[in-house]
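S.K.: sequence first, then the predicted structure:
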Amino acid sequence: MTRVLVCLVALFPAAAFAIDGERLDDPELQARYERIITEVRCLQCLNQSIKDSDAFLASDLRREIRRLLTEGKSDEEIYDFVATRYGEFALYRPRFSGKTLLLWAGPLLLFVVGAFVAFRIVRGRMSLPIEDP
């Protein structure tokens, strides 16, 4: 049992290094790279960022993002590349546009409707007569 645990602990760092073995020379670029890959969804895993995924598609996308960063592309240009190639769904924080208007306005709209309904219920109950026992 102990040997199995030692083997698992020894394999996890190796697996994490295998996912993204190359580091960028510039620490600022590496920080941007780390931030960007946490904000892009793995389209094969769906519930993981490409940073956490070991799928081939995620590995390919990490390599592309690294290449774009070394070419001097801005974060916005990289997000445009990802959205153009894979759609807005690939971004954890989709950009504000006509297509995503309901996504961004939906929570506020639901809050306003809920507040209005609660107000009407409370106001209706306040107008009911009080019965003495």
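M.R.: That came in fine, so what should we check first? Numbering: from 1, shown residues only.
S.K.: find the nearest non-adjacent residue to the residue nearest the centre of the chain, please.
M.R.: The geometric centre of the chain, computed from its C-alpha atoms, lies nearest to residue 92 (C-alpha atoms, centre = their mean), at 2.9 Å. The shortest distance from residue 92 to any non-neighbouring residue, by C-beta to C-beta, 6 or more residues apart in numbering, is to residue 39 (5.1 Å). (Each C-beta comes from the backbone N, C-alpha and C, glycine too.)
S.K.: equivalent analysis for residue 82, please.
M.R.: With sequence-adjacent residues excluded and distances taken as C-beta to C-beta, 6+ apart, residue 82 is closest to residue 90, at 5.2 Å.
S.K.: quick one: the one you found from residue 115, how far?
M.R.: Using C-beta to C-beta, to the nearest Å, we find residue 90 at a distance of 34 Å from residue 115.
S.K.: OK, contacts around the residue nearest to residue 82?
M.R.: Residue 90 makes contact with 40-41, 43, 82-83 under the criterion C-beta atoms under 8 Å, 6 or more residues apart in numbering.
S.K.: just the ones of those in strands?
M.R.: When those are checked against strands (DSSP state E), there are no matches.
S.K.: hmm, which two among these are most spread apart?
M.R.: In the contacts of residue 90, two members sit farther apart than any others by C-beta to C-beta. They are 43 and 83, at 12.1 Å.
S.K.: returning to that earlier point: what is the nearest of the contacts of residue 90 to residue 122?
M.R.: For the contacts of residue 90, the nearest to residue 122 is residue 41 (41.2 Å; C-beta to C-beta).
S.K.: what about the closest one, how many neighbours?
M.R.: 20 (other C-beta atoms under 10 Å).
S.K.: for it, which residues are in contact?
M.R.: 48-50, 89-92.
S.K.: filter those residues down to the buried ones, PyMOL style.
M.R.: Selection of buried members from the contacts of residue 41 for PyMOL, criterion 16 or more other C-beta atoms under 10 Å:
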select buried, resi 49+50+90+91
